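Visitor: sequence and predicted structure, then a few things I'm wondering about:
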Amino acid sequence: MKDGFQGLRLGKWMLGLLKQRAAGLFCFTFLALGLVSLINPAFLAWGNLRDIAVQAAPVCIISCGLMLVLVLGEIDISVGSMMGVLAASMGAMVSATRWGLSPWIAVILTLILGTLMGALNGWLIAYLRVPSIMVTLGMLTALRGVTEVIMGGTWITDLPPGIRYLGTGSWMGLPICLWVCAGVIVLSTWLIHRTPLGRRIFAIGSQPRAAHLAGLPIQRVKFLVFAWTGFLTALATLVSVPQLSVVDSGIGVGMELLVVTCVVVGGTSVNGGTGHLSGVVFAVLLMTMISTLLIFMKLGENATYWSRAIQGLFILGAILLDHLVRSKKSS
Amino acid sequence: MKTKWFSWLSHPESLLSCLTLVMLGWIYKEDPTFLQWEVQKELSTHIWETALMALPMTLIILTGGIDLSIGSTMSLCAITAGMLHQHGVPLPMGCLAAALVGLAGGWFNGWFITRLKVHPLIITLATMAAFRGIAEGVSQARPLSGFPKSFTWLGQASWLGIPLAGWLFLGCLALCAWIMHGHRLGRYIHAIGYNEVATRYSGIRVNRILLGLYCLSGLSASIAAILFMARRNTAKADIGAGVELGVITAVVMGGVSIFGGRGSLFGVCLGLVLIHETREFVSWHWSRDELNLLALGSLLILSVVFQQLLGHKRSS
Amino acid sequence: MSALQAKQISRSYGGTRALSEVSIELLPGSIHALCGENGAGKSTLIKILSGVETPDSGEVTLNGQPIPLGRVHAVEQIGIVAVHQEPVVFPHLNTVDNLFVGREQSKVGGLWLNKKGMREQACQIMHSLGETFSLDIPVGQLSLAQRQMVSMGRALLQECRILILDEPTASLSARESKSLFATMDRLQQQGVGILYVSHRLEEVFQLAQQVTILRDGQCAGTQPTSSLSRSELIRMMVGRPVENPSRQQKKTKSKSDKPILKIRGMRRDPVFQDIHLEIHAGEILGLSGLVGAGRSEIARAIFGLDPVDEGEIWFEGRCLPEGFTIQDTMAMGMAMVPEDRQREGLVLPASVEDNLTLPSLIELSGWMGMHRKPRHEASRSLIEQMGIKTASRASSAQSLSGGNQQKIVLGKWVYRQPRLFILDEPTRGVDVGAKEEVHRMIEQLAAGGSAILLISSDMPEILRLSDRILTLCQGRIKGEIASHEATQEILLQWALPEERDALS
């Protein structure tokens, strides 16, 4: 298309960039940050920003896994309850009044347990071909029950310092959870872009029939992705729960919704085949910032009650945007 | 002879009836007092809301869809009625408004599903968050109460030993049964679930039917909210959290295929009985609520695995 | 190198024999063409050779070794690769990924993709095919021709010994076809055997050394292309004993002057253009042409299932409003039996009764709802009328044979006594006995005053039943002829695409 106007060409380029979800989110986050800082400069304080990042870290870790689940064309809404079980069992493992194991063993066991739970999901979904919504809906409830059973009606309040270090400690000035999160992001980037497995995940989600004809091990890939999500959930639990002084049975409630929102808002299509890690990371930052944003915007203390509504609005917006992009492509 | 046995067995309803009888028998052996009429009457007070919402859910799952937002719609409707009441609006008007909100919520879901062709799972997951979020925001998570006696009486009243909510459910059940077996809508719903494309090509207005079903689901959630408010004399934003699991489990256990097409209301009634009795007995006998959740979740997974093993096929 | 040999391949679907003891031999370093009309069995043979389907009997060997039948990936591993007409690609991935999925090249034992190397190779292959589009665009955004090239590139990457090409030039431009032929030439010199399926007879003569003609599932002959002329080839493709259609009595049928269906200038780019036709009451208009010519698309547009860009459609004198739907056309008295019986025509798990009465439940219901008696009555009489062999009304439609299933699809519309009946491949996959019954039924419907639009790839069928025949080629009407003057050769001549110069 010929046009001699530089301005128009620039506009078209910017539009093309905005179509990239990550870029759009980045701009949005930037704008939101700018707006809030204008209203309340205290927002930009290092302590506040660090707190936001620390809050976002576990969500980001799990989102890296859940993004691959959605790219495959499946869904996993059991991560929140998995977190609950992992938190409860970790607490029970290290608490002196319960099992009193060493923190190292607790860490390893928690990681194994998370992977096993993810593997159970994966086995039911990939090999028994049960629809993922049903499996993970059932798991969401059953695991919440298991959490209650492990907690046995009381809270755990005596986490030893070894474990608490994971949550509160720092290394080279940054909290441990941020390092772990960064590590997971790097690992996921490598997985998606630099391994055959990553390409195959996208291929299977894009066109399962073609994947079948190409001889891809579809079941195995699905199983691995769900197990990986379980592992990441355990990792997220290990770096976030020790920040609290109390472990109760309500940990992780609602986490699955937050993570799915972030992944969808971050540009991952629910039909599978597409997804950008950068978009997901920005979406996580944005979504976890919302409640803090609301506080800092001086809209009054009641504003935070609208967090979930705003979450819902974002995911609806993402669905609409997805639909617009899809219908534009097909026309 | 062998094939005859197997064909009888392949009907989930038959298996389900056996399972129900076996379970009731085992319960009786463990603790006979549980099955007494008085005890059952006490325990059944809160099943009616779930049962009521299970009816449109059955129809929706029969068409191959799903509605995860019923719990959140309940919450939104309750807050609507509660807040209007707080601002002096007479309660009947408030309940009417709640019903309209429920219908609107269902219509919202249905519009995304039929016009924008979004998968029911995704949109109802989103509205599950959005509706409850709005309820939380509007009510600021504070409980509302103080409803008039004439209203709360509705929650306590009963006739012939069955509460009003129960009669409402039985009436709706009769209506649904008539729709499914005596009205052409029932044939359409099964056909849509088995093969939506072929049903469209036969001239059936599929979009209209689906929209109607999701609206109905929203409406049932609003009625459930009103019943809850009448029973507990409170309206709070966390009403109905997790209720969708119980409803879906009952429907799926009742033999309704998650891929659509296959299923019956009789099976769903059995499913409701099963999960209700399981839940209550677990609480009764072991006095540990948390085992409920475990039992319920496991039941859902086991029913779906079972359906899969029986060979329920995804329609193209 | 190696030769691909298929011996006595047979395959049936339900009651119909798609392939009957077909044998074919592909020599290394040669191009072997495969010709035949629709339904001759070409696609079935290709599916068997490429591993998509398994034959009922017969064997396929590559250089004397039997191939792993029915497993596409395994067949590809031993060097037999097929490029299908509908390219099976991964739409969200770019070209490089599409070429290498399943055989990614990596260093460090699978831990680090050699993206640079793969990209270079992909570039090389696509250039050799004459394609210069950017390798980063998701393949789903490419044109159909480009996607075919990607599919072709994947086959080339495989280093095949046998390459099967199914109508590769159907959507290619002249330039792209030229590149394709150059590639085929190169492969030929490397000793690859190529099986080339095409309706473009000039290409067959230009490229292939041998041609095998399939007809009605049987091998009608294998000849060197140098010894055949175009008309001889066509005759071999259609060469059946021409039955004298006993249609003389039809000529005396009085035609009402007002047509039931009149279409002027109907168009939907790029599928069909300039469609004009008329059908009168009691007339059977046949629509012949190759697969992909646009016949089913026209039918669906008339019935209201798909939109049209432009065009006027009159039904019994009334012009159809813009954006009309299936509810409008059904109310006016149209009916359509779709091409894909199982996916579009039947609700398979539902009962015979449910299927038969589905479009007519509104008429069968009383004001309160649906009365069982009218429905039972209607299905009972339909089963009798159509001659449907079923254990009971309540049996699942899935359990019936292909012929009986087709009778259900017909029956559910026959009940409504439509004024216009559109039939898309009404006897596909139907056994001989049921076929006869369906033919009789169609003639009865016409005799009863309905107008019938008959789409069929079965030449004898269309010649026997139709009063007039229109032939479609690439979305346009190529010719119109009265059936008693038509022959299979004429119809096939019209159906085959023109020489290349007509295209851009």
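Guide: Thanks, I have the structure now.
Visitor: surely C:Glu316 meets C:Lys262?
Guide: No: the criterion here is CB atoms under 8 Å, and C:Glu316 misses it with C:Lys262 at 9.4 Å. To be clear about C-beta, it is placed using only N, CA and C from the backbone, and glycine gets the same treatment.
Visitor: between these two, which one's more packed in?
Guide: Taking neighbours as other CB atoms under 10 Å in any protein chain shown, C:Glu316 and C:Lys262 compare with C:Lys262 leading, 18 against 15.
Visitor: is that one bridged to anything, and to what?
Guide: C:Glu278, C:Trp314 (DSSP bridges).
Visitor: that one contacts C:Ile313, doesn't it?
Guide: Yes: under the criterion of CB under 8 Å, C:Lys262 makes contact with C:Ile313 at 7.4 Å.
Visitor: any weak-confidence spans in the stretch 201-331 of chain A?
Guide: A:296-303, A:328-331 (pLDDT under 70).
Visitor: get me the contact residues on it for chain C.
Guide: Contact residues (CB under 8 Å from any CB of the partner chain) of the stretch 201-331 of chain A with chain C: A:202-203, A:205-207, A:209-211, A:213-216, A:273-274, A:329.
Visitor: which of those residues fall within helices?
Guide: Counting by DSSP state H, these place A:Phe202, A:Ala203, A:Gly205, A:Ser206, A:Arg209, A:Ala210, A:Ala211, A:Leu213, A:Lys329 in helices.
Visitor: residues touching residue 214, list them.
Guide: I'll assume chain A. By CB atoms under 8 Å, 6 or more residues apart in numbering or on different chains, A:Ala214 lies in contact with A:Ala203, C:His73, C:Val101, C:Gly102.
Visitor: I was thinking of chain C, sorry if that wasn't clear
Guide: By CB under 8 Å, 6+ apart, the residues touching C:Leu214 are C:Val22, C:Leu34, C:Cys35, C:Gly36, C:Ala40, C:Gly41, C:Lys42, C:Leu45, C:Ala220.
Visitor: one more: A:Arg209?
Guide: When contacts are taken as CB under 8 Å, 6+ apart, A:Arg209 is in contact with C:Val88.
Visitor: contact residues of chain C facing chain A?
Guide: Chain C comes close to chain A at residues C:52, C:72-74, C:76, C:88-93, C:97, C:100-102, C:104, C:106, C:110-113, C:115, C:140-141, as judged by CB under 8 Å from any CB.
Visitor: give me the buried subset of these.
Guide: C:52, C:72, C:76, C:88-93, C:97, C:100-102, C:104, C:106, C:113, C:115, C:140 (16 or more other CB atoms under 10 Å in any protein chain shown).
Visitor: quick one: which of those residues sit in strands?
Guide: C:Ser106, C:Leu113 (DSSP state E).
Visitor: show me the buried ones among the residues of chain C next to chain A that map onto helices.
Guide: C:Val72, C:Glu76, C:Asp97, C:Phe100, C:Lys115.
Visitor: got a list of what the nearest residue to the first one once chain neighbours are set aside touches?
Guide: Taking CB to CB, 6 or more residues apart in numbering or on different chains, and ignoring the residues beside it in sequence, C:Val72 has C:Gly51 as its nearest neighbour in space, at 4.2 Å. Neighbouring residues of C:Gly51 by CB under 8 Å, 6+ apart: C:Ile67, C:Pro68, C:Leu69, C:Gly70, C:Arg71, C:Val72, C:His73, C:Ala74, C:Val75, C:Glu76, C:Ile80.
Visitor: lowest-scoring secondary structure element of chain C by mean pLDDT?
Guide: Least confident element among the helices and strands of chain C, by mean pLDDT, DSSP states H and E: helix C:248-251 (a mean of 46).
Visitor: which residue lies nearest the spatial centre of chain C?
Guide: C:Val291 (4.2 Å; CA atoms, centre = their mean).
Visitor: assign that residue to helix, strand or coil.
Guide: coil (DSSP: H, G, I helix; E, B strand; the rest coil).
Visitor: quick one: pLDDT of C:Glu120?
Guide: The confidence metric pLDDT takes the value 92 at C:Glu120.
Visitor: alpha carbons only: can I get the helix or strand hosting it in CSV?
Guide: In this structure, C:Glu120 sits in helix C:115-128 according to DSSP states H and E. In CSV, the C-alpha atoms belonging to helix C:115-128 read as follows (Å, rounded to 0.1, in the frame of the first residue of the first chain):
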residue,chain,number,x,y,z
LYS,C,115,18.0,-22.3,14.9
LYS,C,116,20.5,-20.8,12.6
GLY,C,117,21.1,-24.1,10.8
MET,C,118,17.4,-24.9,10.5
ARG,C,119,16.7,-21.4,9.2
GLU,C,120,19.3,-21.7,6.5
GLN,C,121,18.1,-25.1,5.4
ALA,C,122,14.5,-23.8,5.4
CYS,C,123,15.6,-20.8,3.3
GLN,C,124,17.3,-23.1,0.9
ILE,C,125,14.4,-25.4,0.4
MET,C,126,11.8,-22.6,0.1
HIS,C,127,14.0,-20.8,-2.4
SER,C,128,14.3,-24.0,-4.5
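Visitor: give me the contacts around that helix.
Guide: A:194, C:95-96, C:99-100, C:104-105, C:132-133, C:135, C:149-150, C:153, C:156-157, C:179, C:183, C:186.
Visitor: what sits against residue 31?
Guide: Here I'm looking at chain A. Taking CB under 8 Å, 6+ apart, we find A:Leu31 in contact with no residue.
Visitor: that was the other one, I meant chain C.
Guide: C:Met184, C:Gln188, C:Ile194, C:Tyr196, C:Leu207, C:Ala208, C:Gln209 are the contacts of C:Ile31 under CB under 8 Å, 6+ apart.
Visitor: of all these, which comes closest to chain B?
Guide: Set against chain B, the nearest of those by CB to the nearest CB is C:Tyr196 (31.9 Å).
Visitor: the closest residue to C:Ser456 other than its chain neighbours: which element?
Guide: Nearest residue to C:Ser456, sequence neighbours excluded (CB to CB, 6+ apart): C:Ile462, at 4.5 Å. Using DSSP H and E, the element containing C:Ile462 is helix C:459-465.
Visitor: what's the answer for B:Cys269, then?
Guide: With DSSP H and E as criterion, B:Cys269 is part of helix B:265-286.
Visitor: which helices and strands sit right next to that helix?
Guide: Counting contacts by 3 or more CB pairs under 8 Å, 6 or more residues apart in numbering or on different chains; DSSP states H and E, helix B:265-286 packs against helix B:12-30, helix B:37-43, helix B:47-62, helix B:164-182, helix B:243-253, helix B:290-309.
Visitor: what's in contact with that helix?
Guide: With CB under 8 Å, 6+ apart as the test, helix B:265-286 has contacts from B:12-13, B:16-17, B:19-20, B:23-24, B:27, B:30-31, B:34, B:43-44, B:47, B:50-51, B:54-55, B:58, B:173, B:176-177, B:180, B:246, B:249-256, B:288-289, B:291-292, B:295-296, B:299.
Visitor: mind running it again at 7 Å?
Guide: B:12-13, B:16-17, B:19-20, B:23-24, B:27, B:30-31, B:34, B:43, B:47, B:51, B:54, B:58, B:173, B:176-177, B:180, B:246, B:249-251, B:253-256, B:289, B:291-292, B:295-296, B:299 (CB atoms under 7 Å, 6 or more residues apart in numbering or on different chains).
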